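[1] Sharing a model prediction with you, sequence too.
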Amino acid sequence: MKIAYPEIQTCYDKIGLLEVKLLRGPAMVGILPQQQTQSLTEVAKELKLDFFLVSYSDLLGGSRAKLVPAAKIASVESAGACFAPFASNLGLGPDAHDIAAIPDPQSLIVLPWQPNVGWLASDVYLDGEPFVASPRIIFKQVLQQCEYLGYSYKTGVEAEFFLLKQTEQGYQIADTKDTSVRPCYDQLNLMRQFDLIATLVRYMEGLGWEPYQCDHEDANGQFELNWTYSDALTTADRHVFFKYMVKTLAEQQGLTATFMPKPFSHLTGNGGHLHMSLWSDGSNAFADADDEMGLSRIAYEFIGGIFAHARGLSALCSPTVTSYKRLGANTTASGSTWSPRYLSYGGNNRTHMIRIPEAGRFECRLVDGAANLYLAQAGLLAAGLAGMREHLSPGQRLDENMFVCGSEFPNLQTLPTNLLEALQGVEQDSLLKKTLGDLGTKTFLEFKYQEWDAYNAAVTPWEMQQYINC
């Protein structure tokens, strides 16, 4: 039943924030585009698949998988592929029972470069129940809440990456001719990577993703491919597969593809900008033709919710030490960082955290290439729905170059300047902690504090050069 906007508060009173009970298996309420009618065994016969790559994401965004012969997929489809949980980043000890990765048949992607293998995103179960610290499960919980309110969440991601080669001196830009100071949209640099880019586009077209443009980005050796938006779970699944596909094809050419947020101090970093909208009964609930920017009241309140939780969201959207060398960085060789510094929004203006490129959607530029898109989207959606529930205002729209004029607005909050501040933002945010759950929050923070401590313990070449004569 569709629930109209004025009834949202009543709905929250009924269900409580993030208290939707999970159902077993991939057929969780409302998150599948259609009912599964074929078994994976039947699919394997029809598509001539010999193997399935049963994959799941850990809390740090890493992909874990088992290769399952098609002849044995029936038992895995019902009971899952078993993994020792301590071996992946899910916060369980070596004494814990096996976890089971139960594949979602709707997520099936046939490997274009290995067409006898099918890739499947999976949900993690422990002792027969959804594992509450699994990123895909966490995201599904928030999606269920969204659907209960009468909405579907649709997103698209801009995935940026570098193509590098490893030398005795370390990682360097793969294309030695890609040296211009401002290489963004450079035609020669783009076309020298034509074989790889064109192969990726053909594969995505074959998969039905509808890629619509690709370009050389603002840094030397940096590229971006865009494909059409979809329901947010599909976008997250595809993002996981896209990173795997890009890295695999790059390796086949003797290169390294990296989505690292800031691989070079003097160059622009890798964003993973996320475009989003809410839909109801086939209509865009974020669109309003009477608004100057084409956004509805609930869209602005959704942005208000994101701003209210932005400091904690930074840890989910920009989750590494290096992320904060991208955010608010010093000017790069090209003359701009293209990364936000303030909690601000504007129209088609890339100096803001939130950009409104056209009516009915907006872009969050806080997300970077290292983000686990299940967790990032879970946090953004939970915050946005809270903004709708609480009727939060995003404040004044600013039509300024925030890289130049940001300091002229002293009341604007800034984003965290390092991972420690972002983690403290999570600890102080009851909504995000409830979104991640007790175990998810505890495990995520433990991993990330360990990362922060290890970073602080490392002595860098810069420090040696700066202080050797002390």
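    Okay, I see it. On a predicted model such as this, the values are computed, not experimentally measured, just so you know.
[2] okay, CA-based contacts and neighbour counts for the rest of this
    Noted.
[3] so where do the helices sit in the stretch 251-400 of the chain?
    When assigned using DSSP state H, counting those that start in this stretch, the helices of the stretch 251-400 of the chain occupy the ranges 297-308, 310-317, 323-326, 373-390.
[4] which of the ones you listed sits most buried?
    Counting by mean count of other C-alpha atoms under 10 Å, helix 310-317 has the highest mean neighbour count of the helices of the stretch 251-400 of the chain, with a mean of 29.
[5] From the contact counts, what lies against it?
    Where contact means 3 or more C-alpha pairs under 8 Å, 6 or more residues apart in numbering; DSSP states H and E, helix 310-317 is packed against helix 373-390, helix 419-427.
[6] returning to that earlier point: what I need now is the helices of the stretch 251-400 of the chain written out in TSV, including mean pLDDT and distance to E205 for each item.
    Output for those, formatted as TSV (pLDDT from 0 to 100; distance: least, C-alpha to C-alpha, whole Å):
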stretch	mean pLDDT	distance to E205
helix 297-308	98	31
helix 310-317	98	28
helix 323-326	96	31
helix 373-390	98	22
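[7] And those helices: which comes nearest F286?
    helix 297-308 (4.9 Å; C-alpha to C-alpha).
[8] Just name whatever secondary elements that closest one is in contact with.
    Judged by 3+ C-alpha pairs under 8 Å, 6+ apart, the packing partners of helix 297-308 are helix 373-390.
[9] To P69, which of the helices of the stretch 251-400 of the chain lies closest?
    Shortest distance between P69 and these, using C-alpha to C-alpha, is found for helix 373-390: 27.4 Å.
[10] Now do that closest one: everything it contacts.
    The set of residues that contact helix 373-390 without belonging to it, under C-alpha atoms under 8 Å, 6 or more residues apart in numbering, is 8-9, 12, 61, 135-136, 138-140, 142-143, 146, 153, 232-233, 236, 239, 298, 301-306, 308-309, 313, 316-317, 367, 393, 431-432, 435.
[11] Could you do stretch 188-197 as well?
    With C-alpha under 8 Å, 6+ apart as the contact definition, stretch 188-197 has outside contacts at 177-178, 183, 214-216, 223, 249-250.
[12] now swap in stretch 87-94 and tell me
    58-60, 64, 84-86, 133-134, 439, 443.
[13] try 7 Å this time
    Contacts of stretch 87-94 with the rest of the structure, by C-alpha atoms under 7 Å, 6 or more residues apart in numbering, involve 58-60, 85-86, 133, 443.
[14] sorry, back to before: any chance of the helices of the stretch 251-400 of the chain in TSV, plus distance to G360?
    Compiled in TSV, the helices of the stretch 251-400 of the chain are given as follows (distance: least, C-alpha to C-alpha, whole Å):
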stretch	distance to G360
helix 297-308	8
helix 310-317	21
helix 323-326	28
helix 373-390	15
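[15] on that earlier part again, list buried residues within the contacts of stretch 188-197.
    Buried positions within the contacts of stretch 188-197, assessed by neighbour count (16 or more other C-alpha atoms under 10 Å), are 178, 183, 214-216, 223, 249-250.
[16] Provide a list of residues in contact with the nearest residue to N418 once chain neighbours are set aside.
    Counting by C-alpha to C-alpha, 6 or more residues apart in numbering, Y324 is the residue found nearest to N418 once chain neighbours are left out, at 5.2 Å. When the contact criterion is C-alpha under 7 Å, 6+ apart, the partners of Y324 are 417-419.
[17] Selection in ChimeraX covering whichever of those are buried, please.
    Applied in ChimeraX, the following selects the buried portion of the contacts of Y324 according to 16+ other C-alpha under 10 Å:
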select :417,418,419
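[18] which residue is nearest the middle of the protein?
    Among the residues of the chain, L373 comes closest to the average C-alpha position under C-alpha atoms, centre = their mean, at 2.3 Å.
[19] ok, Q377 to L92 distance?
    The spacing between Q377 and L92, counted by C-alpha to C-alpha, to the nearest Å, is 24 Å.
[20] Revised request: answer the last question for H391.
    For H391, the distance to L92 (C-alpha to C-alpha) stands at 39 Å.
[21] and if you look at L143?
    With the distance defined as C-alpha to C-alpha, L143 ends up 25 Å from L92.
[22] Over to C405?
    Between C405 and L92 the distance, using C-alpha to C-alpha, works out to 47 Å.
[23] List buried members of the contacts of stretch 87-94 by neighbour count.
    Buried by 16+ other C-alpha under 10 Å: 58-60, 85-86, 133, 443, out of the contacts of stretch 87-94.
[24] any chance of those residues in TSV, plus secondary structure?
    As requested, the buried ones among the contacts of stretch 87-94 are arranged in TSV below (DSSP: H, G, I helix; E, B strand; the rest coil):
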residue	secondary structure
D58	coil
L59	coil
L60	coil
P85	helix
F86	helix
A133	coil
T443	helix
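[25] what's the closest of these to Q38?
    Distances from the buried ones among the contacts of stretch 87-94 to Q38 were compared by C-alpha to C-alpha; the smallest belongs to D58, at 28.1 Å.
[26] Which of the contacts of stretch 188-197 fall in strands?
    In strands, defined here by DSSP state E, the members of the contacts of stretch 188-197 are 214-216, 223.
[27] what about K66, neighbour count?
    K66 sits with 15 neighbouring residues when counted by other C-alpha atoms under 10 Å.
[28] can you give me the strands in the stretch 151-300 of the chain?
    Listed in chain order, the strands of the stretch 151-300 of the chain (DSSP state E, counting those that start in this stretch) span residues 152-157, 159-167, 170-173, 211-216, 222-227, 230-231, 256-258, 274-280, 283-284.
[29] Go through those and name the closest to A121.
    A121 sits nearest to strand 230-231 of all the strands of the stretch 151-300 of the chain, at 15.0 Å, using C-alpha to C-alpha.
[30] Provide the strand pairings for the closest one, with the direction of each partner.
    For strand 230-231, the paired strands and their directions (DSSP bridges) read strand 152-157 (antiparallel).
[31] which residues make contact with the strand it pairs with from outside it?
    Contacting residues not belonging to strand 152-157 are listed as 146, 228-232, 235, 272-280 [C-alpha under 7 Å, 6+ apart].
[32] now those: which count as buried?
    In terms of neighbour count (16+ other C-alpha under 10 Å), the buried residues within these are 146, 229-232, 235, 272-280.
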